[in-house]
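[1] how would this look folded up:
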Amino acid sequence: MSSQPQHQDVNSIIVNIEKSSSQIQSQLPQRKRKFRSRVWEHYELVSINGKEKAICNYCKHAYAVGAGTKGLHDHQKICKMRSGQKRIDYYQSQSSGKKPGKKSKVDGGGIENSCQTLTTQHFNNDFSKGELARMIVMHDYPLSIVEHEGFRDFCRSLQPLFEPVCRNTIRNDIVKMYEEEMAREMRLLGNIQGRVAITSDLWTSSNQKRGYMTVTAHFIDDSWQLQSRLLRFMYVPCPLSAVNLSNALMECLLDWHIDRKLSTLTLDNCPMNNCMIDILLDKVSPNSLIMCGRLFHMKCVAHVLNSIVKSGLEVIDWGIEKIRDSVAFWTATPKRMEKFEETTRQLNIGYEKRLVLDCKTQWNSTYLMLSVALNYKDVFYSLKQCESQYRTFPEESDWDLAKEMCDRLKIFYSVTEMFSGTKYPTINLFFPKICEIKLALRRWLSSSYVEISNMASNMIAKFDRYWDDVHGVLAMASLLDPRFKLKLPQYFFPLIYGEDRAEDEVKHVRKLCEDIFIEYQSKVGQQLSQDATEGISCSNVTSRGEIESLDGFFSWNIESSGVNEKSEFDCYLEEKTLPGSHEFDVLGWWRLNGIKYPIMSEIARDILAIPISTVPSESSFSTSGRIVCTHYDRLLPSTLEAIMCAQNWLWAGKRGNIVNSIGDIHVDEENDVIEVSSLSGAGASKM
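    Residues are numbered from 1 along each chain as shown. The predicted structure is shown next:
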């Protein structure tokens, strides 16, 4: 018997299938023998055009009835619809706790079934493949997951008709999704009203031994929400010179059409970056930048503070050596850690934080090590009495010095934690903190501890090298906060410079802000004049003479108002400052007061979007470090860039804002350890 289906008219087949059972039986010839094969449980015997046909109960294909049933058996092995129904029956039975096909009667003659009823739904295989690609990108899954047998069985249990794909296919789907998301993000950047601030940093993969450069854009959208987008995660071939890096960065700016919408470029404290800035300024039109590029280069404050603290710790590193050795001794083996924890319980001391050994090149880890060890001072003393091999017990003077250091470094730690946030503007908050640090260093010089005094002396020398670079633009940014305005420099500058010089420094900050206001006023004034002219042209005024007379009136009104009235900048400064509040939303305030201060709001939109550190760019290295591990070190640079950028964009669209787990501070609740991505990168080595 032939197992191939006869190509009959489909409509005639459906019509015959829908006939009543009595009509079908009347058309069948009387058979002398019964069908003994169980394969007939899956077919229905009908007569079509006088010939007997076996109709599959699942896919409704028609087969000629011959002398054997081999063809019918073969079809049941490959019938997709039957395979899907078998899986549906199986998982329904698993959820209801009954064997497949077993029915139990309930009151009323119904059938007991605790699982949900499956309804008819259109299945789109291409859409499901797209969702699979999104899942892999968003959660750092390996591309090979699509070839895992367990994953494929799971997909079949959800949708038997889903066609499994290979890793090459899913890679192509990811690249296609990346291109679609890129076009959407380019439209977003092209439609924003304000400028775009850029952060960039370099990273070397420890597995691939390749150098990558990240380029991240920061801006405030039309609804006054702070946004961040990873534009490029590009492979930069050696040599990593200032020329090659500036060319790669300029290519990115041109591709995204933001070369004439830049506000600042934030880079770390590497000397090569100064050369790169000079090369970029020659390629970018000065007229397209704020103040012709005077504020273009923004140094990463994270690296500035890191350099300041490290210079201070170098002087007194020997003073905490015994505490470091003690922590290293009791964290060396699991047995010692268990003994330390047991002793803590015996002394009724809460073991809420585990001992953590620091990394000498990362000052924040040293601070964490000392702050945790101080809580277990009595535990160390108790263990000294019962452990003969423990010979590095710190003296009382060591503990006193450690406490003094923690008290001093706490302000640096809190500031680092504050500016590492990426969901709120930070540039307006940093100026009061940097002033507090400068005043604190001056107080530390008179400390009774010679080590603290020497540490402060080294830190002040390093701090003064960067003070002139940061205090101007940061003071200007604080002026855009209605809680501070010009009152903040007027309060801190006398404490820092003295009464004689403070007035000149305040005037310098005010002059810088006035120059920016005049620059924006000319641009906004031209736009307002153009909009007014277009409004008149679209009005019902038909006389050209009337239009010209109105133009003359508007020009005269602007000139006379400029002479007799105060500027918008002066009115803003003279208005009373708002009361201090830690929950104050500066972007929300400007969104509501933009009509009252249209020019100042444009300045605020551009300045408040500037990040004061490269944390948003460096945070990508933590994700890439997980992706470019030993199992994924053969990823092509183009594939890695597609995954990194698409992940950033998908999460931004999911949450309606910037990425949460990329760029923010990660807190290990068990160890209470805070990792700041600007100071330490997981699975990566900084260049």
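
[2] so which residues of the stretch 401-550 of the chain form helices?
    Ranges of helices in the stretch 401-550 of the chain, per DSSP state H, counting those that start in this stretch, are 427-444, 450-479, 487-497, 499-537, 544-564.

[3] now the second one: buried residues?
    Okay, so that is helix 450-479. 451-452, 454-456, 458-460, 462-463, 466, 470-479 (16 or more other CB atoms under 10 Å). Every C-beta, even on glycine, is put in place using the N, C-alpha and C of the backbone.

[4] cool, the first one as well?
    Buried residues in helix 427-444, counting neighbours by 16+ other CB under 10 Å, are found at 427-435, 437-438, 441, 444.

[5] tell me the gap between it and the middle of its chain.
    Offset of helix 427-444 from its chain centre (CA atoms, centre = their mean, to the nearest Å): 29 Å.

[6] ranking the helices of the stretch 401-550 of the chain by mean pLDDT, which is last?
    Here the lowest mean pLDDT among the helices of the stretch 401-550 of the chain goes to helix 544-564, at a mean of 59.

[7] now do stretch 316-328: distance to the chain's middle.
    Mean-position distance between stretch 316-328 and its chain equals 37 Å (CA atoms, centre = their mean).

[8] what is the burial count for Lys576?
    7 (other CB atoms under 10 Å).

[9] can you check Pro579 too?
    By the criterion of other CB under 10 Å, Pro579 has 7 neighbours.

[10] ok, now Val215?
    Val215, neighbours per other CB under 10 Å, totals 24.

[11] also the one 4 residues further on?
    The number of residues packed near Phe219 is 25, by other CB under 10 Å.

[12] before we move on, what about Glu41?
    Around Glu41 there are 9 residues (other CB under 10 Å).

[13] assumed it was part of a helix.
    Yes: residue state for Glu41 (DSSP: H, G, I helix; E, B strand; the rest coil) corresponds to a helix.

[14] and it, how far is that from Thr216?
    As judged by CB to CB, to the nearest Å, Glu41 and Thr216 stand 63 Å apart.

[15] so Met272 touches Ala242, yeah?
    Yes: counting by CB atoms under 8 Å, Met272 does reach Ala242; the two are 5.2 Å apart.

[16] tell me which of those two has more neighbours.
    Ala242 (18 against 15).

[17] excluding chain neighbours, what is closest to that one?
    Nearest non-adjacent residue to Ala242, counting by CB to CB, 6 or more residues apart in numbering: Cys275, 3.8 Å away.

[18] pLDDT score assigned to the one you found?
    On pLDDT, Cys275 comes in at 90.

[19] look at Val146 and give its secondary structure.
    On the basis of three-state DSSP, Val146 is classed as helix.

[20] and it, how many neighbours?
    23.

[21] again with the one 10 residues further on
    For Arg156, the tally of surrounding residues (other CB under 10 Å) stands at 15.

[22] any idea which helix or strand carries it?
    Secondary structure assigned from DSSP states H and E places Arg156 in helix 149-158.

[23] for the following helix or strand past that helix, which helices and strands make contact with it?
    Using DSSP H and E, the helix or strand that follows helix 149-158 in sequence is helix 167-191. Secondary-structure packing of helix 167-191 (3 or more CB pairs under 8 Å, 6 or more residues apart in numbering; DSSP states H and E): helix 125-138, strand 226-235, helix 637-655.

[24] other SSEs contacting the last one?
    Using 3+ CB pairs under 8 Å, 6+ apart as the contact criterion, the elements in contact with helix 637-655 are helix 125-138, helix 167-191, strand 226-235, helix 615-627.

[25] residue ranges in the stretch 151-300 of the chain under the pLDDT threshold?
    205-208 (pLDDT under 70).

[26] beta-bridge partners for the closest residue to Arg229 other than its chain neighbours, please?
    Taking CB to CB, 6+ apart as the measure, Arg229 lies nearest to Ala217, with 5.0 Å between them; neighbours along the chain are not counted. Taking DSSP bridges, one obtains Ile198, Arg229 as the residues bridged to Ala217.

[27] so what's Ala217 up against?
    Listed by CB atoms under 8 Å, 6 or more residues apart in numbering, the contact set of Ala217 reads Leu189, Val196, Ala197, Ile198, Ser228, Arg229, Leu231, Trp256, Ile258.

[28] wait, which of those residues is closest to Lys353?
    Ser228 (32.0 Å; CB to CB).

[29] wouldn't Ser447 be in contact with Leu441 here?
    No: judged on CB under 8 Å, Ser447 makes no contact with Leu441 at a distance of 10.8 Å.

[30] overlap of the contact sets of the two?
    Common neighbours of Ser447 and Leu441 (CB under 8 Å, 6+ apart) are Ala456.

[31] could you pull up the residues touching the closest residue to Glu505 other than its chain neighbours?
    Among residues not flanking Glu505 along the chain, Phe493 sits closest, at 4.8 Å (CB to CB, 6+ apart). Counting by CB under 8 Å, 6+ apart, Phe493 makes contact with Arg501, Ala502, Glu505, Val506.

[32] and the third one, how many neighbours does it have?
    Put plainly, it is Glu505. 19.

[33] how about the helix or strand encompassing Cys275: buried residues?
    Applying DSSP H and E as the criterion places Cys275 in helix 271-283. By neighbour count on 16+ other CB under 10 Å, the buried set for helix 271-283 is Asn273, Met276, Ile277, Ile279, Leu280, Leu281.

[34] same check, this time on stretch 159-170
    Pro160, Phe162, Val165, Ile170.

[35] thought the last one was touching Arg134?
    No: applying CB under 8 Å, one finds Ile170 not in contact with Arg134, separated by 10.9 Å.

[36] now the helices for the stretch 201-350 of the chain?
    Using DSSP H, counting those that start in this stretch, helices in the stretch 201-350 of the chain cover 242-255, 271-283, 301-316, 321-330, 334-346.

[37] how is this protein divided into domains?
    38-85, 427-527+584-610 (the TED database).

[38] just name the most buried of the ones you listed.
    Mean neighbour count (mean count of other CB atoms under 10 Å) peaks for domain 427-527+584-610 among the domains of the chain, with a mean of 18.

[39] picking that back up, any chance of the buried residues of helix 427-444 in CSV, plus distance to Trp649?
    Formatted as CSV, the buried residues of helix 427-444 follow (distance: CB to CB, whole Å):
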residue, distance to Trp649
Ile427, 24
Asn428, 27
Leu429, 27
Phe430, 28
Phe431, 32
Pro432, 35
Lys433, 32
Ile434, 33
Cys435, 38
Ile437, 36
Lys438, 40
Leu441, 42
Trp444, 46
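
[40] and which of those residues is nearest Thr639?
    Ile427 (35.2 Å).

[41] that closest one and Thr577, how far apart?
    For Ile427 relative to Thr577 (CB to CB), the value is 18 Å.

[42] follow-up on the earlier one: the helix holding Arg156 to helix 125-138, inter-axis angle?
    Computed by axes from the mean of the first three to the mean of the last three CA atoms, to 10 degrees, the angle separating helix 149-158 from helix 125-138 equals 140 degrees.

[43] give the other helices and strands that helix 149-158 contacts.
    Where contact means 3+ CB pairs under 8 Å, 6+ apart, helix 149-158 is packed against helix 80-96.

[44] pLDDT on the helix it packs on, on average?
    Over the span of helix 80-96, the pLDDT mean works out to 56.

[45] just to revisit the earlier point, nearest to Glu147 among the contacts of Phe493?
    For those, the residue nearest Glu147 by CB to CB is Glu505; the value is 65.0 Å.
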